[in-house]
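Q: have a look at this fold, sequence not included:
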């Protein structure tokens, strides 16, 4: 009895997702699907959809391709925001208040052994339909090189300088570096003549996919002209200007995950580059709009704009 049953698991929460997630069970015959469902019923609490094996495989390809394309869309929005001087993170937050919109966050690209792989399978198997998929792959795979390009633009960063890359894992708080965007950044940096040091608190030290990974943060930062945060590990959340200043020789910081305390770093003299955020925003609130009490109707108070009272229970069309 042969079945194809794509898994939907989140690294770091695998057992819970194996038990609780809905699953698609594709058998080469109805009997195969039924037998597999009986096995999964012993531990699975999610709903089970029985189908043929080809449909089940297509489901998995669709799920990962959907995610890749939507990540690329967020990264595209981030690039536009960088170019025109607005904060994509803020704009996305407000856009997602629309009841039928759910834009993801921009970042350093896409990693892991699922999301980047399945779109390539579809693109190579069906080249006549691959335009959108190839564009999404190009956007996501080129995000690290774009970060490096922006670092050189704000400078100073010169051939022979050292950059410390924080995070080899493809996502936060796991020890898996497969298909990590960090590998693309390492390649781009070495092509520009930079010296690279890659740190990760969870991935085992050693060589992986073109990366030489170390677990000693001080050693990674020592003598660095720039730091690029690629993975939003909890271990990096409290990284302070004092930590960086004690070891670095430069003051460039690129945060691809919107994870560090940018205001504190800037007060300490660092130049902070943020993915999805350009310079030149015309004005901003002293307080977040959802933390202030609005007057009714657009007015001006002391030369600043105010806005109508937000009504959380009402959603715009």
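A: Everything's here; your move. What you see is a predicted model; the values in this text were computed from it and never measured.
Q: C-alpha from now on. contacts and neighbour counts both.
A: Noted.
Q: so which residue is dead centre in this structure?
A: residue 107 (4.0 Å; CA atoms, centre = their mean).
Q: residue 259 is in contact with that residue, correct?
A: No: the pair residue 107 / residue 259 is not scored as a contact, 10.8 Å apart, by CA atoms under 8 Å.
Q: mutual contacts of those two, please.
A: Here residue 107 and residue 259 share no contacting residue, scored by CA atoms under 8 Å, 6 or more residues apart in numbering.
Q: SS state for residue 164?
A: Following DSSP: H, G, I helix; E, B strand; the rest coil, the label given to residue 164 is strand.
Q: hang on, isn't it packed against residue 218?
A: No: in this structure, residue 164 is not within contact of residue 218 by CA under 8 Å, at 10.1 Å.
Q: compare the two (neighbour count), which wins?
A: residue 164 (24 against 14; other CA atoms under 10 Å).
Q: list the contacts of the more buried one.
A: 196, 197, 198, 199, 220, 221, 224, 226, 227, 228.
Q: pairing partners for the helix or strand that contains the second one, with directions?
A: What it means is residue 197. Assigned by DSSP states H and E, residue 197 belongs to strand 195-199. The strands that strand 195-199 pairs with in its sheet are strand 162-166 (parallel), strand 211-214 (parallel) (by DSSP bridges).
Q: what's in contact with the shortest one?
A: In other words, strand 211-214. With CA under 8 Å, 6+ apart as the test, strand 211-214 has contacts from 168, 183, 186, 197-200, 203-207, 220.
Q: what is the most widely separated pair among those?
A: Greatest spacing in the contacts of strand 211-214, by CA to CA: 186 and 204 (17.4 Å).
Q: which one's more surrounded, these two?
A: Taking other CA under 10 Å, residue 186 and residue 204 do not tie; residue 186 has more neighbours (25 against 16).
Q: these two touch, right, the more buried one and residue 195?
A: No: counting by CA under 8 Å, residue 186 stays clear of residue 195, with 9.1 Å between them.
Q: now do the same contact list for residue 250.
A: For residue 250, the contact set (CA under 8 Å, 6+ apart) comprises 223, 224, 225, 226.
Q: next, the buried residues of stretch 210-224.
A: Using 16 or more other CA atoms under 10 Å as the test for burial, stretch 210-224 gives 211, 212, 213, 214, 215, 217, 220, 221, 222, 223, 224.
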